[in-house]
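S.K.: The sequence and its predicted three-dimensional model are supplied below.
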Amino acid sequence: MKKCLLLSFALLASAHAQTTVKINGYGGTDPAVVGDLINRFVKPALAKDKITVVYEPLQGDYNKSLTTLLAAGTAGDVFYLPAETLDGFVATGKVLPLNGLVNTSPFIKSLNTAFTRNGRLYGVAKDFNTLTLVYNKDLFDEAGVKYPDSTDTWATLQTKLTTLKQKLGPDYAGICLQPNWDRFGAFAFATGWTQFDSKGKTNLADPRFADSFNFYTGLARGKVGIQPSEVSEGWTGGCLKTGKVAVGIEGNWVVNFLRDNAPNLKFGTALMPKSTKTGKRGNFLYTVGWAINSGTKNRAAALKVLNILTSPQVQQYVLEQGLAIPSRTALTSNAYFKKTDPGAVNSRLVFDGADDGNVRAFTFGPQGTDWSKPINEALAAVLSGQKSAADALKKAQADMNAFQSR
Amino acid sequence: MTAAPHTAAPRPLARSAQDRWLARRRWARAAWLYAFMLVMSFVFLGPFVTGALSSVKDNPNEYPPSLKIPQLTPQYIARAWSLGAQGSGDGWQGGLTPGRSVTFDVTVASPAGAPQAPPTVALFPYQPVSLVATTRLAQARDYAQVRVQPTGQTGNARRYRVTVTSPVLTKQTGETVRAVLTAPDANLRARLRGGQVVPVMLDTPEAQARQYDLNEGQPVELVRGPAGYSLRGPLLERTPLQVDVQRGQAITGSTLPPSDRQNFGRSFAFRNVTPGLLGYTLSNYRRAFNETRDPKSGRSLFLSWVTNSFTYAFLRVAAGILFCSLAGYALARLTFPGRTLIFFSAVLFVQMVPSQVNLVSNYVLLKDLNLLNLWGLWLSGLVPAGGVFLMKQFFEGMPRELEESAAIDGAGTFTTFLRVMLPQAGPALIALAITQFQGAWNDFFWPLVILRDNASFTLTVGLSNFRELYGGQGDYGLILAGAVLSAIPVIILFVVFQRYFVDTGADSAVKG
């Protein structure tokens, strides 16, 4: 009996010494991927520290779920922090600034910037994506037009697409244009335009913005560029799948989509075209970071876990498994990027895109996703021919002012 | 309008004209009624039928949607069966097993002046991004050989036969057994059907070259020889074949229609030339079960979701019947202090508060009780207020004489309830059971909030997971297949019980 008691005490004591670090992240395939990383890398490294790590996926709308959990004080010690909703989370004060706690120098600079507000770093990029031009080789071959490449400017790309459209006729189109900030914004950045001025206001009347707007919507002239709905698809990936559209602006996620849904489509990838005037590319960084809960009781353990999850070994593994594009600059020389299959080429160009030209994080600012509505409406109105670009921009600016003075 | 016999007309001629007019009216009425019912059933059933039809297509998004679906054409189903049987000996599941070969015919039209070369054929890797599993399965491209031979010519159309052969990777002979690879140590290891884990020998250079390509979870065929088990080869689930012709040529026929056409119709992809019947017509349904395996336990998550949904629905129905009938009877017939207060606060007021209002407090409560699982879900919906209300109203409508006669026979309150009143309440209980089952089966909000672990999801939450691939664009084939499967139990329930459901008990209530 006494032995039993002693034994149970010992068990209790050891249970207390055990620290559990909880991670919150996406559902879908992520539980399997992160579970694999935890088993392969985190567990062996932390076994002697008596730290166990559990991954708790948040199903459905991640941002909403995380907000609820943070408010209830039940969020994980470590969690995914999407850069596009960073401002909202930072404002709650529930995200621990990592300055001085994590060495950020090995990571791509623009990614660190994406997670920095007022000099404070709130997350370390887990992985990222940027936009590239993904093109259908067969259509370019048939039309006898040269593939898009890294030297293309807006003007030369437009010429190529227009020629292609003329050669292939009404059933085919040059480029798929989503009437959305999340694709168009990259072109606006190429001109040097910035999303918010020093007072936090957005200026859509800026001639640089108008320049990119006119180029993007001008591609629709003569049906060289079409919207996804015109080929009964919901997004650019769907456009490419049909084999009727030559170019789409997409990130690395489209590779898996095409492999599954258009396995015999021969595609190539090029960097985003340079602005004809500035000679610079523009691009979005879509990134999710690892962040630490400022209310965690296991800060030291959480930091250890974060450091392992962003270590070179983990990132190399993630890259070589084709799961995501890692955030460490050193991996640019990884053998995977030298492969010539279309998927690996796309990965390399997505990686290169993060450091080429005016690259900005994909974000909507502190007021959330509604920020992009006036721009999306303007794009849709012009691309479908309901308004002239000048009228649409005027209305967008008025809507934007109303929105921002709310 | 139904008074035709009473409208006597003064003259026979006029009368027959009026009769004809009335008969026409009757027919018109029937026609309107039927037309209305047809339209309604089309509106309600249409989406389900369209979804069910689209779920078997290679491209469920196809627009304009076509009703000529090869997956439902007897000719192609028969071919899919025979190709599956050639590839694996199993016409249902298909696949390509070691030592077997498959022939697939292609017709290419090469008009004069166009290149006369045979088509380029190749196998390509095809394993759709799965929902949870990250295991890379062996691909036919890496194992099987493919060759093409001309077999005849009609006009300028040439026929070619493509043969895909999967080699045997061992020289040993003996009994062939199937197994699944497990985590390797220095050598490959496999788990046999009986659960026994055995080391796997690689006795040929071809097999040795594959040692590090084969992953845990890969189904394989082994040969049991005198020296132990040796690898005969992996079981390939799909044989994806691509056929390309040159400019000027056209592919005019093939054993199965292509799943994808590109390059102006000069490139055909067949995602699986050894589909078998299930892999062809019910490919997305098979995927829903096979491609959602929990990496930890190897069990099909979809199956767990279905089981969870059934368990939850069953528990909800059982609890609903028990508690609602008891509470309903008590509130209808027993007199005790605070009865009205309980009725107003616990039955009516509770129904007026939207469940979202209690979300956070209930969530925190369940979390503190460590009940963020199916049982917590059950507890949160244990006594449906609406059900209590239904039962109360039903019992109030029953004649008191029944209870009085029971009391004369010496029955106490509980016996009266159990032996006299409850047996009369059949229709109301069935209505309650159906609504509870349907409510539990379709419940999405609470399960989404409470359930955390992949394996503990209900079907509704699991299905929403299918949507998360490709940045929310989703794998529509899988979504539709899952949705059709999840609709079936509710449809069966309604078809079987609709008689009782419509019969809300109004007539049986006055029976006593």
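M.R.: Noted; the coordinates are in hand. Just so it is clear, the structure is predicted and the values come from calculations on it, not from any experiment. Residues are numbered from 1 along each chain as shown, chains lettered A, B, ... in the order given.
S.K.: where does the chain dip in pLDDT?
M.R.: You didn't say which chain, so I picked chain A. In the prediction, chain A carries residues with pLDDT under 70 at positions A:1-17.
S.K.: wait, chain B
M.R.: Residues of chain B meeting the criterion pLDDT under 70: B:1-14, B:130-134, B:295-296, B:468-474, B:500-512.
S.K.: domains in it, as residue ranges please.
M.R.: If you go by automatic domain parsing, the domain ranges for chain B are B:95-273, B:301-509.
S.K.: Ok, which of those comes nearest residue A:288?
M.R.: Go through the domains of chain B one by one with C-beta to C-beta and the one that ends up closest to residue A:288 is domain B:301-509, at 12.2 Å. (Each C-beta comes from the backbone N, C-alpha and C, glycine too.)
S.K.: what separates that closest one from the chain centre, distance-wise?
M.R.: What separates the centre of domain B:301-509 from the centre of its chain is 23 Å, taken as C-alpha atoms, centre = their mean, to the nearest Å.
S.K.: Neighbours of the spatially closest residue to residue A:188 that is not a sequence neighbour, how many?
M.R.: Using C-beta to C-beta, 6 or more residues apart in numbering or on different chains and skipping residues adjacent in sequence, the residue nearest residue A:188 is residue A:212, 4.4 Å away. A count of nearby residues for residue A:212, using other C-beta atoms under 10 Å in any protein chain shown, gives 24.
S.K.: after the strand or helix carrying residue A:212, next one along is what?
M.R.: Counting by DSSP states H and E, the secondary-structure element that holds residue A:212 is helix A:207-218. Using DSSP H and E, the next helix or strand after helix A:207-218 towards the C-terminus is strand A:225-226.
S.K.: Any idea how far that following strand is from the middle of the chain?
M.R.: Distance, centroid of strand A:225-226 to centroid of chain: 23 Å (C-alpha atoms, centre = their mean).
S.K.: again, but for stretch B:211-230
M.R.: Relative to the mean C-alpha coordinate of its chain, stretch B:211-230 is positioned 33 Å out (C-alpha atoms, centre = their mean).
S.K.: So what does residue 270 have for phi and psi?
M.R.: Let's take chain A. Dihedral angles of residue A:270 (phi, psi; degrees, to the nearest 10) stand at phi -130, psi 160.
S.K.: actually it's chain B I care about, not the one you picked
M.R.: According to degrees, to the nearest 10, residue B:270 has phi -110, psi 110.
S.K.: Give the bridge partners for it, please.
M.R.: On the basis of DSSP bridges, residue B:270 is bridged to residue B:241.
S.K.: where exactly do the helices run in the stretch 51-200 of chain A?
M.R.: Under the criterion DSSP state H, counting those that start in this stretch, the stretch 51-200 of chain A contains helices at A:62-72, A:86-92, A:109-114, A:137-143, A:154-168, A:181-190.
S.K.: Can you tell me what sits against the shortest one?
M.R.: Residues from elsewhere that reach helix A:109-114 (C-beta atoms under 8 Å, 6 or more residues apart in numbering or on different chains): A:83, A:86, A:104, A:121, A:125, A:128, A:285, A:287, A:289, A:327, A:354-355, A:359-361, A:363.
S.K.: residue ranges of the strands in chain A, please?
M.R.: Counting by DSSP state E, chain A has strands at residues A:19-26, A:51-58, A:78-82, A:116-117, A:120-121, A:124-129, A:132-136, A:173-176, A:225-226, A:245-250, A:267-270, A:282-292, A:358-361.
S.K.: Which elements pack onto the second one?
M.R.: Other helices and strands packing on strand A:51-58, by 3 or more C-beta pairs under 8 Å, 6 or more residues apart in numbering or on different chains; DSSP states H and E, are strand A:19-26, helix A:30-37, helix A:43-46, helix A:62-72, helix A:299-309.
S.K.: ok, now with 7 Å
M.R.: If you count contacts as 3 or more C-beta pairs under 7 Å, 6 or more residues apart in numbering or on different chains; DSSP states H and E, strand A:51-58 packs onto strand A:19-26, helix A:30-37, helix A:299-309.
S.K.: Output that strand as CSV - backbone C-alpha positions only.
M.R.: Taking C-alpha atoms only, strand A:51-58 is exported to CSV below (Å, rounded to 0.1, in the frame of the first residue of the first chain):
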residue,chain,number,x,y,z
ILE,A,51,8.7,19.0,-22.9
THR,A,52,5.8,17.5,-24.8
VAL,A,53,4.3,19.2,-27.8
VAL,A,54,0.8,18.9,-29.0
TYR,A,55,-0.7,20.3,-32.2
GLU,A,56,-4.3,21.5,-31.9
PRO,A,57,-5.7,22.5,-35.3
LEU,A,58,-8.4,25.2,-35.5
